[in-house]
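Participant: I'll drop the sequence and a predicted model, then ask my questions.
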Amino acid sequence: MSSSTSDDSRNDLDGRPDPVPIGVRSPASARATGVVIIAMSIAVWWPAFTLGAWGTFFFDQLLTVWAASVGALIVVLFQPRGRPRVLKALALLVPSLWLVLSFVPLDSDDVLSIVIDLLAVFVALLSVPATIWVLARVMWPEFGEDISRGRRFLVVIAVVVVGVGSFALGANQEHFLTCGDFTISGNSEPQGCVPGPPS
């Protein structure tokens with residue numbers, strides 16, 4: 001049998017490779033998992049750190065999440081293949097919902113104001129990983145098709161560890177950073193920072 005015949009036998013009628021059997025890990029899936037973990041970790045650490053150090057999220061973080069989610073939403077809506085991705089689209093609309101609700105004039109003790117604040121926490125900490133996950137599924141279809149439950153659990157655990165660790169570092173910034181570190185980086189000095197030049 002020629003090599004071209006053997007190659008054709010491994011492809012579907014549409015020319016794409018056959019899906020990887022359940023329980024078999026593909027090298028592409030392993031690489032995609034690593035890329036997604038790294039991307040999510042990079043995206044989550046700063047919002048979690050600012051929440052620990054300043055007790056709030058910065059507006060640029062929230063608007064960056066909004067911009068990324070709108071871009072991902074456009075990719076999902078205009079992706080030519082597959083069935084409509086309604087759940088992915090709805091998940092990507094959450095940051096836009098937060099932004100629209102932020103324009104509603106409310107008192108700080110209003111119930112809707114509390115809901116908007118909770119939505120902001122969701123947007124800052126969860127929408128970034130969700131957006132990266134959706135984009136990973138769009139860019140690497142095999143990532144969603146053959147990734148094991150264990151790998152999905154690994155992604156979640158890695159992001160949670162980085163998020164919790166970053167929050168703890170922010171809450172304890174006075175033990176390893178000075179006020180000068182924050183000033184030179186262009187940030188305001190968080191409450192309780194140790195006076196001194198950049199370390």
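Facilitator: Ah, there it is.

Participant: Ignoring the adjacent residues along the chain, who's closest to residue 58?
Facilitator: Spatial nearest neighbour of residue 58, chain neighbours left out: residue 50 (5.8 Å); criterion: CB to CB, 6 or more residues apart in numbering. All C-beta atoms are positioned from the backbone trio N, CA, C, and that covers glycine.

Participant: Over to residue 47?
Facilitator: Spatially, and ignoring its direct neighbours in sequence, residue 47 is nearest to residue 124 (4.3 Å; CB to CB, 6+ apart).

Participant: what about stretch 133-148, average pLDDT?
Facilitator: Mean pLDDT, computed over stretch 133-148, is 68.

Participant: Distance of residue 121 relative to residue 194?
Facilitator: Per CB to CB, to the nearest Å, residue 121 is found 28 Å from residue 194.

Participant: nope, residue 93 is what I meant
Facilitator: Here the criterion is CB to CB. By it, residue 93 lies 42 Å from residue 194.

Participant: hang on, the earlier thing: in three-state terms, how would the residue nearest to residue 47 be classified?
Facilitator: Using DSSP: H, G, I helix; E, B strand; the rest coil, the structure places residue 124 in helix.

Participant: Also residue 192?
Facilitator: Secondary structure, three-state DSSP: residue 192 is coil.

Participant: which residues touch it?
Facilitator: The contact partners of residue 192, by CB atoms under 8 Å, 6 or more residues apart in numbering, come to 173-174.
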